[in-house]
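**Q** Got a predicted model here, sequence first, then my questions.
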Protein chains: 2
Amino acid sequence: MAGLQKVKSEETRKRVLGAAVDLMEEGGLDAVQIRSVAERAGYSVGSVYKHYADIDALIIAVNSITLERIHQVMRNATEGLETPIDRLKALAHAYSEFSRENPKLWKGLFDHHLPESRSIPEEHKLANVALLSLIGGELKALDPSMGEDELAARTRTCFGAVHGLVTISLEERFAGLSGDTLSSELDFLVQRLAEA
Amino acid sequence: MAGLQKVKSEETRKRVLGAAVDLMEEGGLDAVQIRSVAERAGYSVGSVYKHYADIDALIIAVNSITLERIHQVMRNATEGLETPIDRLKALAHAYSEFSRENPKLWKGLFDHHLPESRSIPEEHKLANVALLSLIGGELKALDPSMGEDELAARTRTCFGAVHGLVTISLEERFAGLSGDTLSSELDFLVQRLAEA
DNA sequence: AGTAGAAAATGAACAATGTTCAATTTTGAT
DNA sequence: ATCAAAATTGAACATTGTTCATTTTCTACT
């Protein structure tokens, strides 16, 4: 049966990726190294390269999982909420909370950059756009008359604004916000952006 | 005269830093390496270490210059403008323009992170706060009744929001905004945040 | 001027990490 | 049982940060 090899191969890939995710959670981007991943997964460095072209590909795989998790908590956050503004606020809070609860995964997602010469995999870009469309859907509900381009632009403005506040709040250099202050500023920001 | 050594030492430090700035402008954060800086400056690797404790200290020195440049263009941007809202919009545009005109310096500033164990130099944190206070001043003019804590929080919200929009607009992954669209979204964002 | 000590500068050597690949082990089909 | 393909290994190399013994240059003093 040809199945055994395939099963083993997939098992290896899964363990390698799992080890990489664990290391990112524990030690951030810098901890995701070929040797540390190989050791944690119980394989040699060569086996890691059998499944991921290089360290960047592995990190992107980890970040795709992080993106998926963020998408998940944001989708859940709007459940049961009726008005678009309430739903937008809930999305912003879910995003912020994820960054607080998983700072190393979150930073790893946004701190990782490919060299200029390389392009981000299409799949990963789509996962980013999927996040944006959670916001876009609410903005569309708020103002159905908005054109496609205008909606796309406004969606990025709203996401970018919340993303920026969350980002600087995680950084020591800006003496950022936290706790109730962060929470109420997020509400203020979304309210202002979304109100008619 | 004891002056010659001091002059030489300062000359070396200046050349090393200048080489590092040039490399950051040309090749971004990854191009600022001890060997490349030493070669560009015309010194050995050991001499670089004589003036900067490690590569992080050198990068922070480069980033302090970048911060100073950003501060400069933002200060200039408000000249001759009367209303706080116009001035806030001008600050946002100046920030955005700097990121477009100096993408590698700008990315180098925000992509660089110290290991958790190390703390950002006080001087560098103050330079960040100086940027924030340009915004804080306008917000205070807009609403003099605001308390200190409230003003500090709102200042970070406004900065973070603009910073986030600028950030994602520079990134391929988000298919960000540019040109007139970015410009008008910045206006929209500032208008909404600043209006009564 | 000459000289000893201090400061500056050098570059070889080491450590850590990404990457490659020839050799070995395991698996699948006959 | 045997051979080819797939999986796995780990030694070896390249790059980059860092250290430090040595050499060169400068200052102060006689």
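**A** It's in.

**Q** Now the residue positioned nearest the centre of chain A: closest residue in space, sequence neighbours ignored.
**A** Nearest to the geometric centre of chain A sits A:L67, at 3.2 Å (CA atoms, centre = their mean). Distances taken as CB to CB, 6 or more residues apart in numbering or on different chains place A:A127 nearest to A:L67, at 4.5 Å, with adjacent residues excluded. The way it works is simple: take the backbone N, C-alpha and C, and place the C-beta from them, glycine included.

**Q** What residues of the helix or strand harbouring that neighbour count as buried?
**A** If you go by DSSP states H and E, A:A127 is part of helix A:122-142. Across helix A:122-142, burial judged by 16 or more other CB atoms under 10 Å in any protein chain shown covers A:127-128, A:131-132, A:134-140, A:142.

**Q** what angle do the helix or strand following that helix and helix A:122-142 make?
**A** Beyond helix A:122-142 on the C-terminal side, the first helix or strand identified by DSSP H and E is helix A:148-169. Orientation check (axes from the mean of the first three to the mean of the last three CA atoms, to 10 degrees): helix A:148-169 against helix A:122-142 gives 110 degrees.

**Q** so what's the one residue in chain A that gets nearest to chain B up against?
**A** Going by CB to the nearest CB, chain B is nearest to A:G164 of chain A, at 1.9 Å. A:G164 is in contact with B:159-167, counting by CB atoms under 8 Å, 6 or more residues apart in numbering or on different chains.

**Q** Give the residue spans of chain A that score low on pLDDT.
**A** A:1-5, A:7-8 (pLDDT under 70).

**Q** can you give me the helices for it?
**A** A:3-27, A:34-41, A:45-51, A:55-77, A:84-101, A:103-111, A:122-142, A:148-169, A:179-194 (DSSP state H).

**Q** what sits against the closest residue to A:R13 other than its chain neighbours?
**A** Nearest non-adjacent residue to A:R13, counting by CB to CB, 6+ apart: A:H51, 4.5 Å away. Each residue near A:H51 by CB under 8 Å, 6+ apart is listed here: A:9, A:12-13, A:16.

**Q** Same question for A:I34.
**A** A:45, A:48-49, A:55, A:58.

**Q** Check A:E172 too.
**A** With CB under 8 Å, 6+ apart, A:E172 has these contacts: B:119-120, B:125.

**Q** how about 6 Å then?
**A** Counting by CB atoms under 6 Å, 6 or more residues apart in numbering or on different chains, A:E172 touches B:I120.

**Q** Name the residues of chain A found near DNA strand D, please.
**A** Residues of chain A lying close to DNA strand D (CB under 7 Å from any atom of the strand) are A:5-6, A:8-9, A:12, A:42-47, A:49-50.

**Q** Can I have the buried ones of those as a PyMOL selection?
**A** A single PyMOL command selects the buried members of the residues of chain A next to DNA strand D (16+ other CB under 10 Å):
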select buried, chain A and resi 12+43+47+49
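
**Q** now the residues of chain A next to DNA strand D as JSON lines including distance to A:A196?
**A** Formatted as JSON lines, the residues of chain A next to DNA strand D follow (distance: CB to CB, whole Å):
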{"residue": "A:Q5", "distance to A:A196": "60"}
{"residue": "A:K6", "distance to A:A196": "56"}
{"residue": "A:K8", "distance to A:A196": "59"}
{"residue": "A:S9", "distance to A:A196": "55"}
{"residue": "A:T12", "distance to A:A196": "55"}
{"residue": "A:G42", "distance to A:A196": "57"}
{"residue": "A:Y43", "distance to A:A196": "57"}
{"residue": "A:S44", "distance to A:A196": "60"}
{"residue": "A:V45", "distance to A:A196": "57"}
{"residue": "A:G46", "distance to A:A196": "60"}
{"residue": "A:S47", "distance to A:A196": "57"}
{"residue": "A:Y49", "distance to A:A196": "55"}
{"residue": "A:K50", "distance to A:A196": "56"}
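
**Q** which of the residues of chain A next to DNA strand D lies closest to A:E150?
**A** Nearest to A:E150 among these: A:Y49, at 45.8 Å, using CB to CB.

**Q** and the gap between that closest one and A:F98?
**A** 31 Å (CB to CB, to the nearest Å).

**Q** cool, and A:S64?
**A** 15 Å.

**Q** So for the two, which residue has more residues nearby?
**A** Remark: of A:S64 and A:F98, A:F98 carries more neighbours, 20 against 17, as counted by other CB atoms under 10 Å in any protein chain shown.

**Q** What number of residues are in the vicinity of A:A38?
**A** Count around A:A38 with other CB under 10 Å applied: 19.

**Q** Identify the residue spatially nearest to A:P121, adjacent ones excluded.
**A** Using CB to CB, 6+ apart, the closest residue to A:P121 is A:I60 (6.4 Å).

**Q** which residues does the nearest residue to A:R156 once chain neighbours are set aside contact?
**A** Excluding its sequence neighbours, the residue lying closest to A:R156 (CB to CB, 6+ apart) is B:L177, at 5.6 Å. Shown in contact with B:L177 (CB under 6 Å, 6+ apart): A:153, A:156, B:169, B:185.
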